[in-house]
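Chemist: got a sequence here, can you build the structure:
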Amino acid sequence: MPRRTVGPHSAPGACRTRGQGLCAECASRGASNSLTVRKRRLVGVAVLAALLVLVAIASIGVGALSISIGEVWHGVFTPSGTPSDELVQTLRIPRTVVALIVGVALGVAGALIQGHTRNPLADTGLLGLNAGAAFLVVIAIYAFGLTIPSQYVWFALAGSLIAGAVVFGIASVGSAAATPMTLALAGAAVTLCLQAMTSAVVVSDIRTLDSYRFWVIGSVAGRGLDIFWQVLPFIVVGLILAAANTPALNVLNLGEDVARGLGTNVALNRSVGLLAVTLLAGGATAAAGPVAFVGLVVPHVARAITGPDYRWLVPYAGLLGGLFLLTADVVGRIVVRPAELDVGIVLALAGAPFFIALVRKRRLVAL
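Modeler: Below is the predicted model of the structure:
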């Protein structure tokens, strides 16, 4: 009986043309699969963008006073000074764009910080950014009597930037570059120190406490376009740096030794990534306060859709972050109408169960 010839593709994914690279059939199949994955990811981006538009329309129309879609269209594109037009132009549109840019910034910052620290439970608070912003906001209220978000937005931004620089400086002492472990330890130490100083100021002055407690919850209510334009340059620069950092982040996640062997400048790329995180998280915190869970939850959702490729994970995290925060803001206006819940409270209620599930799933512990 003649022996049956075993072809090069007798097993799925097996190519037996060893030593000669992939055969034509395997190469064609791989290219086809790669094209299919790319198309699927592009479709996902389009779907998320469409959902963002729908939620933005809902954000403009929903509130203590509901506005129809026709009135939303009229107020956005052809305002003529009617009460609904004034509501759309002065309150709803500024609130929506602030929520959108804050969500995008926190989503991207969360993806970057989890990648650079190799910590699936990391968020933007890990580097002391929120604590730094909170401390200088308290100083602005206590020492200078600034009680309106638009007045102390620069203090919040400066606090985040200074805290990020201090953490990175401490983590880099005694070594050629900051490592995930030293960043986490330095961030925890700086955060605890700043929180203690913030508490010392807050408990000593009731006026400061009254103003600070509204900011620290996290909210986009009452935020105007003035705040949007103040933080926009920092967030745009952060997004550009994040986009430039994603290819190197893919290599860094193979391990620092492998990355160096492939010619990657580990110190430079980690510095660029952390600078992007600082600008994004600092701008978002300055605009809306320390909004929790977006930077923690959204990257894991994006990773489940795109896989570990940061060239796709980061854009998905930005779109999902904007969608997540905008949706939470709309829900907060509906559940207790005619009053509303701040977006920070809604996100905490929604994010806490996910956080618990995240801790319990061992397969998500390592990146």
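Chemist: wait, Gln239 touches Gly107, no?
Modeler: Quick fix: residue 239 reads Leu, not Gln. No. At 10.7 Å, Leu239 does not count as touching Gly107 under the criterion of CB atoms under 8 Å. (Glycine included, C-beta is placed from N, CA and C.)
Chemist: helices along the stretch 251-367 of the chain, start to end?
Modeler: 256-261, 266-288, 294-306, 310-334, 343-360 (DSSP state H, counting those that start in this stretch).
Chemist: mind putting the ones you listed in a markdown table, mean pLDDT included?
Modeler: Below are the helices of the stretch 251-367 of the chain laid out as a markdown table (pLDDT from 0 to 100):
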| stretch | mean pLDDT |
| --- | --- |
| helix 256-261 | 83 |
| helix 266-288 | 91 |
| helix 294-306 | 90 |
| helix 310-334 | 95 |
| helix 343-360 | 81 |
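Chemist: can you get me a residue count around Val343?
Modeler: Neighbours of Val343 under the rule other CB atoms under 10 Å: 31.
Chemist: before we move on, what about the one 5 residues further on?
Modeler: Using other CB under 10 Å, Ala348 has 18 neighbouring residues.
Chemist: now do Arg41
Modeler: Counted with other CB under 10 Å, Arg41 comes out at 18.
Chemist: contact partners for it?
Modeler: Thr306, Trp312 (CB atoms under 8 Å, 6 or more residues apart in numbering).
Chemist: what's the distance between it and His300?
Modeler: As judged by CB to CB, to the nearest Å, Arg41 and His300 stand 17 Å apart.
Chemist: now do Trp312
Modeler: 15 Å.
Chemist: outline the domain layout of this protein.
Modeler: As given by automatic domain parsing, the domain ranges for the chain are 121-244+257-290, 291-367.
Chemist: of all the ones you listed, which lies closest to Val37?
Modeler: domain 291-367 (8.6 Å; CB to CB).
Chemist: what is the distance between that closest one and the centre of its chain?
Modeler: Distance of domain 291-367 from its chain centroid, counting by CA atoms, centre = their mean, to the nearest Å, is 9 Å.
Chemist: roughly how far is stretch 215-227 from the heart of the chain?
Modeler: 17 Å.
Chemist: list the buried residues for the helix or strand containing Gly169?
Modeler: Assigned by DSSP states H and E, Gly169 belongs to helix 149-172. Across helix 149-172, burial judged by 16 or more other CB atoms under 10 Å covers 149, 152-153, 155-164, 166-168, 170-172.
Chemist: and what of stretch 337-352?
Modeler: Glu340, Leu341, Asp342, Val343, Gly344, Ile345, Val346, Leu347, Ala348, Gly351.
Chemist: closest to Ala133 among these?
Modeler: Among the buried residues of stretch 337-352, and counting by CB to CB, the member closest to Ala133 is Gly344, at 13.7 Å.
Chemist: which residues are in contact with that closest one?
Modeler: By CB under 8 Å, 6+ apart, the contact set of Gly344 is Ile217, Gly218, Ser219, Gly289, Pro290, Val291, Ala292.
Chemist: which residues are in contact with the fourth one?
Modeler: In this structure, Gly289 makes contact with Trp215, Val216, Ile217, Gly218, Ser219, Gly344, judged by CB under 8 Å, 6+ apart.
Chemist: ok, the residue nearest to the fourth one when sequence neighbours are not counted to Phe214 distance?
Modeler: Okay, so that is Gly218. Among residues not flanking Gly218 along the chain, Gly344 sits closest, at 2.6 Å (CB to CB, 6 or more residues apart in numbering). Note on Gly344: its distance to Phe214, by CB to CB, is 10 Å.
Chemist: Leu112 too?
Modeler: Between Leu112 and Phe214 the distance is 29 Å, computed by CB to CB.
Chemist: neighbour-wise, which of those two wins?
Modeler: Leu112 (31 against 15).
Chemist: tell me which element that one is part of?
Modeler: helix 93-117.
Chemist: average pLDDT across the helix or strand just after that helix?
Modeler: Scanning forward in sequence from helix 93-117 by DSSP H and E, the next helix or strand is helix 129-144. Across helix 129-144, the average pLDDT comes to 92.
Chemist: check stretch 173-189 too.
Modeler: 79.
Chemist: ok, residues contacting it?
Modeler: The contact list for stretch 173-189 (CB under 8 Å, 6+ apart) reads 116-119, 122, 126-128, 167-168, 170-172, 256, 266-267, 270-271, 274.
Chemist: buried only: go through those residues for me.
Modeler: Buried subset of the contacts of stretch 173-189 (neighbour count, 16+ other CB under 10 Å): 116-119, 122, 126-128, 167-168, 170-172, 256, 266, 270-271, 274.
Chemist: was I right about Leu232 contacting Ile101?
Modeler: Yes. With contacts counted by CB under 8 Å, Leu232 reaches Ile101, the gap being 6.8 Å.
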